[in-house]
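Trainee: fold the following and give me the result.
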Amino acid sequence: MATYFIADLHLQPESGPAGAASASSELIQFHRFIERCQTDGDALYILGDLFEVWIGDDAGINNYPSAIQTLKQLELPLFLLHGNRDFLIGDQFCAATGCELLAQPTMIRCQGSDLLIAHGDQLCTDDIEYQQMRSLFQQPQWQAEFLAQPIELRAQQAANLRDQSRTESSQKTAQIMDVNDQAVVELLEQQQALTMIHGHTHRPAQHQHSTQSGQATRWVVGSWQQHGDYVRWDENGPALLQACP
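Mentor: Purely as a prediction, here's the structure:
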């Protein structure tokens, strides 16, 4: 049996302007991946940004019916962390899919080993502007006020924020938008972890870090707009694989 970890699928809403259903390549690959997990999986962890945008359960559940139905039919434990795109996923989504929403970061047991999992954006501490916005969006008052608005207004504000983010990202260096090594080490030491898996940066890789407790390994899963990189962890240990090579 194996435990699976994915992140950053950024699934697009499944209905176009005219209401016609659409299936992106990421959505098709997601359905196939879930079928694969059914064959030998003992758990699936989604480490944030399953969806490109989530402006509340009352809107999101209607925008992604196929993806939600696929998760609901998954016959193994399902866990979810918030990403920076879908941090407003809440109780209605969990009830509709049967998933358990986890705090972030969080320690879990995986194949007999301790493992730290996170979305990863909190580690990009060099990107000061992003961290300021992230801090704002994490505030319960901001979230409550945003969710109290009509869906149409929320959708427009989310679109404006995405446009702003794309513009700002185009003006930043790749180094600024990557994780800060010192932030990684501090989190590993704080959580007393020697293994970590996260997403967010869209840079699939395996990294080594020296900590006070010893050598630590950090796995990064990639974006599904590239190769659909994921981590599969079985009795032989973790491996970084591609869903769509």
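
Trainee: is it correct that residue 243 is in contact with residue 226?
Mentor: No. The pair residue 243 and residue 226 fails to qualify as a contact (CB atoms under 8 Å) at a distance of 10.4 Å. For every residue, glycine as well, the C-beta is placed using N, CA and C.

Trainee: looking at the two, which one has more neighbours?
Mentor: Shown here are residue 243 and residue 226; by other CB atoms under 10 Å, residue 243 has more neighbours (19 against 13).

Trainee: what residue ranges in the chain score low on pLDDT?
Mentor: Under the criterion of pLDDT under 70, the regions of the chain flagged as low confidence span 16-23, 245.

Trainee: for it, what spans make up the helices?
Mentor: 25-40, 57-63, 65-72, 91-97, 128-137, 140-147, 151-170, 181-191 (DSSP state H).

Trainee: nearest the geometric middle of this protein, what residue?
Mentor: Per CA atoms, centre = their mean, the C-alpha nearest to the average position across the chain is that of residue 48, at 1.5 Å.

Trainee: what residues are up against the residue nearest to that one when sequence neighbours are not counted?
Mentor: Nearest-residue entry for residue 48: residue 83, 2.6 Å, with adjacent residues in sequence omitted and distances by CB to CB, 6 or more residues apart in numbering. Applying CB atoms under 8 Å, 6 or more residues apart in numbering, one finds that residue 83 lies in contact with 7-8, 47-50, 119, 121, 199-200.

Trainee: would you agree residue 58 is in contact with residue 92?
Mentor: Yes. Counting by CB under 8 Å, residue 58 sits close enough to residue 92 to count as a contact (7.2 Å).

Trainee: residues contacting residue 77?
Mentor: With contact taken as CB under 8 Å, 6+ apart, residue 77 is in contact with 42-44, 100.
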